[in-house]
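Colleague: When you get a sec, could you give me coordinates for this:
(2 chains)
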Amino acid sequence: MLEYFPCGRCGACRESLNAFYWKVFLVAGNIFFTDKVALVTGSSRGIGRAVALAFAEAGADVVVNHSKAEGSSKRKAEDVCREIADLGRKALAVPADIASKSSVGEMIEAVLGWRGRLDFLVLNAARAPFKPIEKLLEREIRQLVEINYMGNIFCIQKALPLLEAAGGRIVFISSLGSRFYNPAYPLGSMKAAMEAVVRDCAESLAEKGVYANGVCGGVVKTDSFKTLRQHMEELENIPDELCVSPEALADVVVFLCSPAARGIRGQTVVVDNGLSNRLYRPAWVKKSKS
Amino acid sequence: MKQNLIPEQRVMEEVKKAIAEGIDIDPARIKPESSLMKDLGAESLDFLDINYRLEQTFGIKMARRSVIDHIEELFGEESAIDSEGKLTGKAAEVLAIRYDGSGDQIRPGMDMDELPVMVTVTSIAEGVANLLDTLPGNCVNCRAQNWKLEEETRITCGSCGEPAAFTSGDDLIEDWLKQTQENKKIF
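Modeller: Numbers count the residues shown, from 1 in each chain, chains lettered A, B, ... in the order given. Next comes the predicted model:
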């Protein structure tokens, strides 16, 4: 259950050791997460998958949402459920099109029917075309907003009664595209909008005992990265040490849901291995020897 | 120019391999006529993964946008998909010309969600072969006419070692659409 994963670069650096200590801390203190339920949208792969597994490692049972009732996302969601079961936790795969309010309603009904509670809602699902804003077709703009903005709000609205009953937490997965320009990345504008939603919800839902925060990932090498690098070839030049792992993001999500984060409200925490600190000295420009 | 360094069979094998790894399925399930979405369970992200693998294998640049996207970019919004999300008659005509083997499946008024279902293993292999056939006569770096094959799938200059510069998938589609429009005056 508790494994030490050496760092891919050096095999024994402090970073991997610290990650291991965090897992030890979580496993030792998983009384808080045990028997609680996390719903992670879009968790059949990538960051969502890492978040689902991190909750399971922490002791929670997990609802693995995927987009299609059939196909590769269903297969991958079932694989994630098996991995969660191997960690000794319960998992339920639920297909739902986040853009559809009724579909989201059915997903929350499935959560209610399964465990009767929901403690943590992680808004991770996203889908968008990769093209400049000025080239977006009307249907693409509508889809962009429906999936990445309206869909997340449907999830919050439908899950709220359960979250309120549990004193739950909402965590939104954002990306650096919310605050920096990326070519052909209209999703960034939706991420920015959702960071504002997180801020609003942190205030409006606090009286119900529900807290909202976000995690803003840097360059994460997931399936979506494969797409992004097809449109931003410079991404290939970003050194590995400035890319962040899905697991590093997932740990922060779990932290934000833990009592240790009780003082954090409406914030979107940047988790990017320092990439955004290099704004004026682009990470992909080699340092001059002079 | 039509390249003859990489046989069609080899292209098909690499396409099947990319699909098997991209969707994570048993290669034995993959037939040339298999629809990636309907028969093999691929989803939109899987297509991107498969494309990336093929780009790495052959040193090509697959199309980032579909023929439908290109039609609307060239001939205006709703020229390919109408406000109801249905394929227009003109776009159906273009697609029937482009995919003459499966033209009977294409009909005006079909839902846009049905279109990706028509992508088969063979259609991807043909797309890759078309890109490889844009091999220039001369190396762009040293002008030599001395192409050779490296690692069984990468065409490089035998004189200077520069990788072959193929036309990109998007440019190829755009050129074809412009040519078709000039010949047929569809839009």
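
Colleague: which stretches of the stretch 51-200 of chain A form strands?
Modeller: Per DSSP state E, counting those that start in this stretch, the stretch 51-200 of chain A carries strands over the ranges A:61-66, A:91-95, A:120-123, A:169-175.

Colleague: Comparing those, which stretch has the densest surroundings?
Modeller: Ranked by mean neighbour count under mean count of other C-beta atoms under 10 Å in any protein chain shown, the strands of the stretch 51-200 of chain A are led by strand A:120-123, which reaches a mean of 29. In short, each C-beta sits where N, CA and C put it, glycine included.

Colleague: Contacts for that one next, please.
Modeller: A:36-41, A:43, A:48, A:51, A:55, A:60, A:152, A:155-156, A:159, A:163, A:168-173, A:194, A:253, A:257 (C-beta atoms under 8 Å, 6 or more residues apart in numbering or on different chains).

Colleague: give the contact list for residue A:171.
Modeller: Contacts of residue A:171 by C-beta under 8 Å, 6+ apart are A:120, A:121, A:122, A:123, A:212, A:213, A:214, A:215, A:253, A:256, A:257.

Colleague: swap the cut-off to 6 Å and go again
Modeller: A:122, A:213, A:253, A:256 (C-beta atoms under 6 Å, 6 or more residues apart in numbering or on different chains).

Colleague: next one: residue A:65
Modeller: A:41, A:43, A:94, A:96.

Colleague: Same question for residue B:159.
Modeller: B:142, B:144, B:146.

Colleague: separation between it and residue B:145?
Modeller: Distance, residue B:159 to residue B:145, using C-beta to C-beta, to the nearest Å: 9 Å.

Colleague: Over to residue B:28?
Modeller: Applying C-beta to C-beta to residue B:28 and residue B:145 gives a distance of 41 Å.

Colleague: And those two? Which one has more around it.
Modeller: A side-by-side neighbour count of residue B:28 and residue B:145, using other C-beta atoms under 10 Å in any protein chain shown, places residue B:145 first with 12 against 8.

Colleague: Wait, a helix at that one?
Modeller: No - under DSSP: H, G, I helix; E, B strand; the rest coil, residue B:145 sits outside any helix and is assigned coil.

Colleague: Spatially nearest residue to it (excluding sequence neighbours)?
Modeller: residue B:138 (5.5 Å; C-beta to C-beta, 6 or more residues apart in numbering or on different chains).

Colleague: could you measure that neighbour against residue B:165, distance?
Modeller: 10 Å.

Colleague: Those two - which one has more neighbours?
Modeller: Each of residue B:138 and residue B:165 has its neighbours counted (other C-beta under 10 Å); residue B:165 has more, 15 against 12.

Colleague: which SSE is the more buried one in?
Modeller: Under the criterion DSSP states H and E, no helix or strand holds residue B:165.

Colleague: Please apply the same query to residue B:91.
Modeller: helix B:89-98.

Colleague: That helix and chain A, are they touching?
Modeller: No - against chain A, helix B:89-98 shows no contacts by C-beta under 6 Å from any C-beta of the partner chain, the least distance being 13.3 Å.

Colleague: Next up, phi/psi of the residue in the stretch 51-200 of chain A positioned nearest to chain B, please.
Modeller: Using C-beta to the nearest C-beta, the closest approach of the stretch 51-200 of chain A to chain B is made by residue A:71 at 4.1 Å. Phi and psi for residue A:71, reported as degrees, to the nearest 10, are phi 100, psi -170.

Colleague: The nearest residue to it once chain neighbours are set aside: how many residues sit nearby?
Modeller: Excluding the flanking residues, the one nearest residue A:71 by C-beta to C-beta, 6+ apart is residue B:41, at 4.1 Å. Residue B:41: 20 surrounding residues under other C-beta under 10 Å.

Colleague: Next, residue A:37: phi, psi?
Modeller: Residue A:37 adopts backbone torsions of phi -120, psi 130, taken as degrees, to the nearest 10.

Colleague: OK, contacts around it?
Modeller: Contacts of residue A:37 by C-beta under 6 Å, 6+ apart are A:61, A:115, A:117, A:118, A:119.

Colleague: For chain B, which residues score under the pLDDT cut-off?
Modeller: B:101-104 (pLDDT under 70).

Colleague: how about the residues of it that lie near chain A?
Modeller: Counting by C-beta under 6 Å from any C-beta, chain B sits next to chain A at B:23, B:41, B:43, B:45, B:46, B:48, B:49, B:52, B:77.

Colleague: Export those residues to TSV and append columns for secondary structure.
Modeller: Listed next are those as TSV, based on three-state DSSP:
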residue	secondary structure
B:23	helix
B:41	coil
B:43	coil
B:45	helix
B:46	helix
B:48	helix
B:49	helix
B:52	helix
B:77	coil
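
Colleague: Quick one: buried ones out of these?
Modeller: Burial by neighbour count, judged by 16 or more other C-beta atoms under 10 Å in any protein chain shown, picks out B:23, B:41, B:43, B:45, B:46, B:48, B:49, B:52 from the residues of chain B next to chain A.

Colleague: Distance of the first one relative to residue B:50?
Modeller: Okay, so that is residue B:23. To residue B:50, residue B:23 is 8 Å away according to C-beta to C-beta.

Colleague: Residue B:140 too?
Modeller: With C-beta to C-beta as the criterion, residue B:140 and residue B:50 are 28 Å apart.

Colleague: Neighbour count: these two, which is higher?
Modeller: Neighbours were counted for residue B:140 and for residue B:50 using other C-beta under 10 Å; residue B:50 has more, 24 against 12.

Colleague: List the contacts of that one.
Modeller: Counting by C-beta under 6 Å, 6+ apart, residue B:50 touches B:18, B:19, B:22.

Colleague: Just give the closest residue to residue B:42, not the sequence neighbours.
Modeller: Among residues not flanking residue B:42 along the chain, residue B:36 sits closest, at 4.0 Å (C-beta to C-beta, 6+ apart).

Colleague: Low-confidence bits of the stretch 1-150 of chain A, can you list those?
Modeller: A:1-15, A:26-29.

Colleague: Would you mind listing what in it touches chain B?
Modeller: So far as C-beta under 6 Å from any C-beta goes, the stretch 1-150 of chain A lies against chain B at A:71, A:72, A:73, A:137.

Colleague: Any of those buried? List them.
Modeller: Here, 16+ other C-beta under 10 Å leaves A:71, A:72, A:73, A:137 buried among the residues of the stretch 1-150 of chain A next to chain B.

Colleague: Grab the two from the residues you listed that are most spread out in space.
Modeller: Spanning the widest gap among those are A:72 and A:137, at 26.0 Å by C-beta to C-beta.

Colleague: Okay, helices next: where are they in the chain?
Modeller: I went with chain A, as the question did not name one. For chain A, applying DSSP state H gives helices covering A:14-28, A:46-58, A:72-86, A:101-115, A:138-145, A:151-166, A:187-204, A:223-231, A:246-257.

Colleague: not quite, I wanted chain B
Modeller: Assigned by DSSP H, the helices in chain B fall at B:8-23, B:44-58, B:67-75, B:89-98, B:121-132, B:169-184.
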